[in-house]
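J.: what would the 3D arrangement of this be:
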Amino acid sequence: MLIEAITGHPAWNGFFARPRPDHDFPDLHAAVVYGTGAEDVAALAALGIHVEGGGGQGNLVLLSAPRGGHNLRLRFGGRADGVVALGAECLLAGNIGFEGDGHLLLCNGRGTLHLNATFRQHEGALFLGRHVTVNGADFLVEGPRRSIVVGDDAMVSYRVQIRTSDSHGIVSLDDLSAALNPPASIRVAPHVWIGADTVVGRGVSIGRGAIVGLGTIVTKDVAPCTLVGGVPMRVLKERVTWTRASQPSREEAEAAVAFASAERPEG
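T.: The predicted model follows:
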């Protein structure tokens with residue numbers, strides 16, 4: 001029941017209604033489920049997950065394979081139905097704050113992910129796929145029912161901001177009926193590299209195998225296997241992708257190209 005609620009979370013807006021290759025959810029069928037009672041909070045603290053303000057109903061932490069090494073402050077703030085679900089290979093370091101009800105963080109990343117995540121309004125969601133690495137990024141998920149999805153094997157570098165919202169509304173003097181910049185979901189496809197000091201704005205999609213150069217402000221979609229950079233953002237090179245090795249062997253380069261250019265539905 002809980003797993004169905006996670007896969008069918010309203011913030012996905014149908015994105016996961018059909019199978020998504022290379023957007024692997026953590027295996028939660030045998031996960032240990034922690035609530036916010038005193039015993040569970042103490043058990044989480046022993047693993048390095050420090051729960052604050054967990055007084056709301058339905059707040060849960062699901063760990064595929066409980067292990068120490070986290071360095072996480074998790075603030076439920078008295079809100080309800082917040083869920084953090086972590087895969088077996090994932091450790092989190094940083095801060096997660098829920099400023100509304102019904103939020104979800106679902107992480108299947110690799111190693112220690114250094115991140116801060118803030119959830120506002122209600123029913124927002126953040127998905128980090130299998131073997132995603134994050135080296136020091138800030139995620140802002142402002143609902144209602146908005147999400148950030150980062151596909152498998154993506155890499156997010158230092159001081160990156162990924163935001164579904166500008167945090168403040170822009171209104172027209174000629175029409176006060178609605179803000180001009182409402183929150184909008186973000187989609188980062190598998191095997192994307194987002195360089196240091198980048199800002200990814202609301203409503204953006206970044207295509208499979210793409211590279212976002214350091215210091216870029218991304219305000220429009222990026223095509224697959226494309227290198228972009230600059231302020232304003234522009235295309236620097238097409239038909240490229242990347243490897244985790246700085247000096248890849250032929251085999252490593254071939255593997256990266258094969259994965260990045262795989263014909264899979266992402267939209």
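J.: now for the protein, the helix or strand with the poorest mean pLDDT.
T.: helix 2-7 (a mean of 82; mean pLDDT, DSSP states H and E).
J.: show residues contacting it.
T.: Contacting residues not belonging to helix 2-7 are listed as 16, 25, 28, 29, 33, 60, 62, 83, 85, 104, 106 [Cβ atoms under 8 Å, 6 or more residues apart in numbering]. C-beta: built from backbone N, CA, C; applies to glycine.
J.: if we go to 6 Å?
T.: 16, 28 (Cβ atoms under 6 Å, 6 or more residues apart in numbering).
J.: what residues sit buried inside that helix?
T.: Neighbour counts over helix 2-7 (16 or more other Cβ atoms under 10 Å) mark residue 6 as buried.
J.: what about the strands in the stretch 151-267 of the chain?
T.: 155-156, 160-163, 186-188, 193-194, 199-200, 205-206, 211-212, 217-218, 226-229, 234-238 (DSSP state E, counting those that start in this stretch).
J.: for residue 139, find the nearest of those strands.
T.: With Cβ to Cβ as the criterion, residue 139 lies closest to strand 160-163 of the strands of the stretch 151-267 of the chain, at 5.2 Å.
J.: before we move on, the earlier item: nearest to residue 176, out of the strands of the stretch 151-267 of the chain?
T.: Nearest of those (Cβ to Cβ): strand 160-163, 24.1 Å.
J.: given that closest one, what are its sheet partners and their directions?
T.: Applying DSSP bridges to the sheet, strand 160-163 is found paired with strand 133-142 (parallel), strand 199-200 (parallel).
J.: could I get the ones you listed in a markdown table, plus columns for mean pLDDT, distance to residue 257 and mean neighbour count?
T.: Converted to a markdown table, those look like this (pLDDT from 0 to 100; distance: least, Cβ to Cβ, whole Å; neighbours: other Cβ atoms under 10 Å):
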| stretch | mean pLDDT | distance to residue 257 | mean neighbour count |
| --- | --- | --- | --- |
| strand 133-142 | 97 | 20 | 22 |
| strand 199-200 | 98 | 24 | 23 |
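J.: of those strands, which approaches residue 213 most closely?
T.: Closest approach to residue 213 among the strands paired with strand 160-163 is made by strand 199-200 (12.4 Å; Cβ to Cβ).
J.: who touches the closest one?
T.: Here strand 199-200 makes contact (Cβ under 6 Å, 6+ apart) with 161, 162, 217, 218.
J.: as CSV, the strands paired with strand 160-163 with distance to residue 11 would be great.
T.: Below are the strands paired with strand 160-163 laid out as CSV (distance: least, Cβ to Cβ, whole Å):
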stretch, distance to residue 11
strand 133-142, 8
strand 199-200, 17
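J.: name the residues of stretch 216-231 that are buried.
T.: Of the residues in stretch 216-231, 216, 218, 222, 224, 225, 226, 227, 228, 229 count as buried by neighbour count, 16+ other Cβ under 10 Å.
J.: my guess is the first one contacts residue 198. True?
T.: Yes: counting by Cβ atoms under 6 Å, a contact exists between residue 216 and residue 198, whose distance comes to 4.9 Å.
J.: now render the strands of the stretch 151-267 of the chain as a markdown table, adding distance to residue 68.
T.: Listed next are the strands of the stretch 151-267 of the chain as a markdown table, based on distance: least, Cβ to Cβ, whole Å:
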| stretch | distance to residue 68 |
| --- | --- |
| strand 155-156 | 24 |
| strand 160-163 | 27 |
| strand 186-188 | 29 |
| strand 193-194 | 29 |
| strand 199-200 | 32 |
| strand 205-206 | 34 |
| strand 211-212 | 34 |
| strand 217-218 | 36 |
| strand 226-229 | 39 |
| strand 234-238 | 43 |
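J.: ok, which of those comes nearest residue 136?
T.: Per Cβ to Cβ, nearest to residue 136 of the strands of the stretch 151-267 of the chain: strand 160-163, 7.5 Å.
J.: mind listing what's buried along the closest one?
T.: In strand 160-163, counting by 16+ other Cβ under 10 Å, buried: 160, 162, 163.
J.: quick check: which ranges of the chain have low pLDDT?
T.: 1, 263-267 (pLDDT under 70).
J.: now the helices: where do they sit in it?
T.: Along the chain, the segments classed as helices by DSSP state H run 2-7, 38-47, 250-260.
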